[in-house]
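[1] sharing a sequence plus its predicted fold:
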Amino acid sequence: MDDVRVISEPPKAEEITALIGFPGSGLVGSISIQYLVDNAGFEYIGSITSKYFPPIAMMVDGVINAPMRIYSKDSYVAFVSDIPIHASICYEITNGILTWLKQFKIKEIVVIAGIVTNTFEKRVFGVASEPSYLENIMDKIEILPMGSISGMPGSILTECKSLNIPAIGFLGETVSTPDPRSSVSVLRVLNEIYKFDVDIEPLTEQAEEIEASMQKIAEQVRQSEQTDELPKKEHLPMYG
């Protein structure tokens with residue numbers, strides 16, 4: 001597809017499991033997958049570009065970094081994006097990813113995302129394209145009884161359903177701000193199910209630092225409301 005180009009080496013295994021995370025609620029998808037590839041021995045194999053992407057260049061330590069990247073380890077392929085995808089182009093991006101994946105034998109597609117609830121328990125909910133796929137994960141997650149999944153996660157899961165591609169979604173209970181603690185809960189589930197054995201303690205510590213910073217900002221806001229002074233900006237880690 002000219003509109004969505006996947007420029008990548010092929011996966012290392014004949015049968016693959018694809019892990020996909022996009023920015024969304026709490027940035028759970030992008031935080032979880034990026035942390036996984038950084039700490040589980042994944043290797044960069046390619047990128048995705050599209051005329052639909054915003055005209056920006058991402059960089060790390062002065063080096064340009066593709067905004068949507070593909071990594072591989074053993075039988076796993078991981079997709080992680082730094083840029084949110086507008087609802088109007090979700091179908092095109094989803095189709096581009098799945099068209100590339102369908103060249104290979106797909107065991108299952110795993111979508112990681114956040115879901116905003118009215119509680120702060122950091123539960124992980126599970127959804128699947130078929131009831132039988134839920135049976136293997138029911139003891140690790142809570143089944144989402146009803147609701148909707150929007151954006152790229154919803155688009156990918158719906159298209160997998162239409163194409164009879166096995167698909168599972170792990171939805172971390174989150175808030176609207178960057179939420180590494182929700183990602184910790186999701187990564188714990190991925191460790192149990194897929195045996196990644198990733199140390200999540202550093203991410204837990206970062207979550208505590210972010211929460212402390214946000215509490216400090218909230219206190220500054222309360223004080224500024226009383227004194228009409230602007231709150232000082234705090235530096236928060238960037239995720240995605």
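    Arrived safely, thanks for sending. Fair warning: this is a prediction, and the values are worked out from it, not measured in the lab.

[2] okay, CA-based contacts and neighbour counts for the rest of this
    Will do.

[3] tell me where the protein is predicted with low confidence.
    Residues of the chain meeting the criterion pLDDT under 70: 1, 210-211, 213-215, 217-240.

[4] what's the longest strand in it?
    Longest strand of the chain, by residue count under DSSP state E: strand 105-116.

[5] parallel or antiparallel, which strands does whichever helix or strand comes after that one pair with?
    Downstream of strand 105-116, the next assigned helix or strand under DSSP states H and E is strand 124-128. Strand 124-128 has its sheet partners listed here by DSSP bridges as strand 142-143 (parallel), strand 167-174 (antiparallel).

[6] out of those, which is the most enclosed?
    Among those, judged by mean count of other CA atoms under 10 Å, the one packed with the most neighbours on average is strand 167-174 (a mean of 27).

[7] quick revisit: and the contacts of the longest strand of the chain?
    Applying CA atoms under 8 Å, 6 or more residues apart in numbering, the external contacts of strand 105-116 come out as 14-29, 32-33, 153, 156-157, 165-176, 182, 186.

[8] may I see the PyMOL selection of the buried members of the residues you listed?
    Of the contacts of strand 105-116, the buried ones can be selected in PyMOL as follows, counting by 16 or more other CA atoms under 10 Å:
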select buried, resi 16+17+18+19+20+21+22+23+24+25+26+27+28+29+32+33+153+156+157+165+166+167+168+169+170+171+172+173+174+175+182+186
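
[9] so which of the contacts of strand 105-116 are in strands?
    Within the contacts of strand 105-116, residues falling in strands by DSSP E are 15-21, 167-174.

[10] of those, closest to N95?
    The shortest approach to N95 among the ones in strands among the contacts of strand 105-116 belongs to I20, at 13.6 Å (CA to CA).

[11] that closest one is in contact with S72, isn't it?
    No. Shown here, I20 and S72 do not form a contact pair, counting by CA atoms under 8 Å, at 12.0 Å.

[12] okay, and the common contacts of those two?
    In contact with both I20 and S72: A78, using CA under 8 Å, 6+ apart.

[13] at the geometric centre of the protein, which residue do we find?
    With distances taken as CA atoms, centre = their mean, the residue of the chain nearest its centroid is G29 (1.6 Å).

[14] mark out where each domain of the chain begins and ends.
    4-199, 200-231 (automatic domain parsing).

[15] now do the first one: distance from first to last residue.
    For domain 4-199, the first and last residues are 34 Å from each other (CA to CA, to the nearest Å).

[16] if we can go back for a sec, each with direction, which strands does the longest strand of the chain pair with?
    According to DSSP bridges, strand 105-116 has the following sheet partners: strand 15-21 (parallel), strand 167-174 (parallel).

[17] what ranges does this structure have for its helices?
    Per DSSP state H, the chain carries helices over the ranges 28-39, 90-101, 131-135, 151-163, 180-194, 201-227.

[18] mind listing what's buried in the fifth one?
    Counting neighbours by 16+ other CA under 10 Å, one finds that the buried residues in helix 180-194 are P180, R181, S182, S183, V184, S185, V186, L187, R188, V189, L190.

[19] buried sites along the longest strand of the chain?
    Buried-residue list, strand 105-116, by 16+ other CA under 10 Å: I106, K107, E108, I109, V110, V111, I112, A113, G114, I115.
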